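Q: Sharing a model that was predicted from the sequence below.
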Amino acid sequence: MNLNDNLPDSWALTALDQVAYIEMGQSPDSRFYNAEGTGLPFFQGKAEFGIRFPEVRKWCSEPTKIAEAGDVLLSIRAPVGPTNIAQVCSCIGRGLAAIRAEKGVNQLYLFYFFRHIESWLSEQGTGSTFAAISGQFVKQIEFALAPTEEQLRIVEKLEELFSDLDAGVAELKAAQKKLAQYRQSLLKAAVEGSLTAEWRTKNTPKETGAQLLERILKERRTRWEEKQLARFKEQGKTPPKGWQDKYPEPVQPDTTNLPELPGGWVWASLDQFFCELRSGTAETSGRQTTPYPVLKSSAVRQGKIDFQALNYLQQKQSTRAENYLATGDVLITRLSGSVEYVGCCAVVQDVPTQGVQFPDRIFQGKLAPSFMWLGDYLAYCFQSAYVRIIIESAAKSTAGHKRISLNDLYPLPIPLPPAVEIKSIIQQLYSGIERAEAGEIAIIHSLTQAAAQRKNILKSAFSGQLVLQDPNDEPASLLLERIRAERQKGESSTKKRSSRKKVAKL
């Protein structure tokens, strides 16, 4: 770590273990854990951390390693760097270290120092399974020690500045939450019909949703028959008698516990919309660039496709034309490590000129050419709460992933209004969500600025630039000498007591 070389003359650079006591955590036997409040609060790592204090989720009746009230709790494994403060005497597991300042070193000064170096610490972890740092590493962390009185001034200023900053961040996050609620309320209104309730009072569509579904199903069957005839022709065969009877009828929608739709609307299954719904190439891809890109599963998020999120195949793996994306394709994620990213849906607007394939972790839905305009509507439906509940309930865990199957998607119920009403819904959703996204971008920008400001404040604090130096302050070098002397005195007393015990036994 490269702390400022131009620290004030009254400051001192030293190893952390010269100014603090460090207790590395150790997880006790699991039979001593409990959720009834027996024993000490038990913390294992970052998962329990809050803004400043950890959340008590379990207790330990026979703790092995203990953090005293006020100790800095440092996450030392998966991830490395985050900190909290122990509010009371607590048991700590092996994912944490408790750090207690010596007399003359302010505990909050120590806490803020670790907040200052958190990004650097996060890069120091090693290990094949997960990142971690050792106790010896923690002991040797370079610490910028200010005079005791200046530490107090620094902490006071930091608390003042961060109080204002935290209040601003809280307001931004509250606004961010409201935007998310507004977006979800728009989607809910769209799929339930209230978004276009006023539109229906002024418009009488010539065609109902049920009639639109009939047209979709008719073209769906026509496309299947055309494809079968083309296959017979390619094979030089005459279509056998009754071949049309082999048409696979689409699955009917599962409308269990679903609300009643407005007049003129009808429930349709996702299977009824698509002429084809399938997953992509199962070929193993790599990071080395080739002329044969394939989307990563993470490329598809709700309403968006990132064509920069690519892996690559070799030429011999890229012979199947059906694995290449086309404009109008509806993509749906099949699996993810996080269930919120399972069942994300987006429409391909423009395919890069070199062509891009899709993997078996993504489903591709093909709409009939006359109904490709329905893709955007389907993508909006996939963002609505009722569809998310169905998908997340259906997602199963395997090999560390949450996943859905085609059988989960076929009966997925989609509300189908008349065609002209769908176009009004799409238009209103586009305008409303665009406004929400513009607000979200502005909030994210402000939160990023706040985070940068926080880092700059901490950098200023631990380079001696946040508060004025007082020539009357005792230099940090003298504080270090006093800490060393007190430690030596303590060690000497311990040795004397040990000697007396040995003499007594003789």
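A: Everything's here; your move. Numbers count the residues shown, from 1 in each chain.

Q: And the helices in this structure, which stretches?
A: Assigned by DSSP state H, the chain shows helices spanning 107-116, 118-122, 135-139, 148-192, 197-202, 209-234, 270-273, 374-383, 385-394, 406-409, 419-461, 476-505.

Q: Any idea how many residues pack against Ile257?
A: Let me fix one detail, which is that residue 257 is Asn and not Ile. 6 (other CB atoms under 10 Å). C-beta coordinates here come from the backbone N, C-alpha and C atoms, glycine included.

Q: Arg278 too?
A: Using other CB under 10 Å, Arg278 has 14 neighbouring residues.

Q: Next up, the contacts around the residue nearest to it when sequence neighbours are not counted.
A: Closest residue to Arg278 apart from its sequence neighbours, by CB to CB, 6 or more residues apart in numbering: Gln364 at 6.0 Å. Under the criterion of CB atoms under 8 Å, 6 or more residues apart in numbering, the contact partners of Gln364 comprise 276-280, 325, 329-331, 358.

Q: Please repeat the previous calculation with a cut-off of 10 Å.
A: 274, 276-280, 322-326, 329-332, 348, 358 (CB atoms under 10 Å, 6 or more residues apart in numbering).

Q: And Gly432, by the same measure?
A: If a contact means CB under 10 Å, 6+ apart, then Gly432 has 182-183, 185-187, 189-190, 195 as its contacts.

Q: Mind giving me the ChimeraX command for buried ones among those?
A: To isolate in ChimeraX the members of the contacts of Gly432 that are buried, counting by 16 or more other CB atoms under 10 Å, one can use:
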select :183,186,187,189,190,195
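
Q: any idea of the mean pLDDT for stretch 214-232?
A: Averaged over stretch 214-232, pLDDT sits at 95.

Q: Please disregard the earlier target; I meant stretch 445-464.
A: Average pLDDT, stretch 445-464: 96.

Q: thinking again about what came up before, rebuild the helices of the chain as JSON lines, extending it with distance to Ala101.
A: Listed next are those as JSON lines, based on distance: least, CB to CB, whole Å:
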{"stretch": "helix 107-116", "distance to Ala101": "5"}
{"stretch": "helix 118-122", "distance to Ala101": "18"}
{"stretch": "helix 135-139", "distance to Ala101": "14"}
{"stretch": "helix 148-192", "distance to Ala101": "9"}
{"stretch": "helix 197-202", "distance to Ala101": "63"}
{"stretch": "helix 209-234", "distance to Ala101": "69"}
{"stretch": "helix 270-273", "distance to Ala101": "60"}
{"stretch": "helix 374-383", "distance to Ala101": "49"}
{"stretch": "helix 385-394", "distance to Ala101": "46"}
{"stretch": "helix 406-409", "distance to Ala101": "55"}
{"stretch": "helix 419-461", "distance to Ala101": "16"}
{"stretch": "helix 476-505", "distance to Ala101": "10"}
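
Q: and of those helices, who's closest to Ala98?
A: helix 135-139 (10.5 Å; CB to CB).

Q: Pull the residues that contact the closest one.
A: Helix 135-139 is contacted by residues 15-18, 20, 22-25, 74, 76, 80, 97, 99, 121, 124-126 when judged by CB under 10 Å, 6+ apart.

Q: Give me the buried positions along it.
A: 137-138.

Q: how much distance is there from that helix to the middle of the chain?
A: Offset of helix 135-139 from its chain centre (CA atoms, centre = their mean, to the nearest Å): 30 Å.

Q: same thing with stretch 247-263?
A: For stretch 247-263 - counting by CA atoms, centre = their mean - the centre lies 33 Å from the chain centre.

Q: Extract the CA atoms of it and return them as PDB.
A: The C-alpha coordinates for stretch 247-263 follow below in PDB (Å, rounded to 0.1, in the frame of the first residue of the first chain):
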ATOM      1  CA  TYR A 247     -49.000 -30.800 -36.000                       C
ATOM      2  CA  PRO A 248     -48.000 -30.300 -32.400                       C
ATOM      3  CA  GLU A 249     -50.700 -28.200 -30.900                       C
ATOM      4  CA  PRO A 250     -49.400 -25.500 -28.500                       C
ATOM      5  CA  VAL A 251     -49.800 -25.900 -24.800                       C
ATOM      6  CA  GLN A 252     -52.800 -24.100 -23.300                       C
ATOM      7  CA  PRO A 253     -52.200 -21.300 -20.700                       C
ATOM      8  CA  ASP A 254     -52.200 -22.100 -17.000                       C
ATOM      9  CA  THR A 255     -54.600 -19.500 -15.700                       C
ATOM     10  CA  THR A 256     -54.800 -20.800 -12.100                       C
ATOM     11  CA  ASN A 257     -55.400 -18.000  -9.600                       C
ATOM     12  CA  LEU A 258     -55.000 -15.300 -12.300                       C
ATOM     13  CA  PRO A 259     -57.200 -12.200 -12.200                       C
ATOM     14  CA  GLU A 260     -60.100 -11.600 -14.600                       C
ATOM     15  CA  LEU A 261     -59.100  -9.700 -17.700                       C
ATOM     16  CA  PRO A 262     -60.900  -6.600 -19.200                       C
ATOM     17  CA  GLY A 263     -63.500  -7.200 -21.900                       C
END
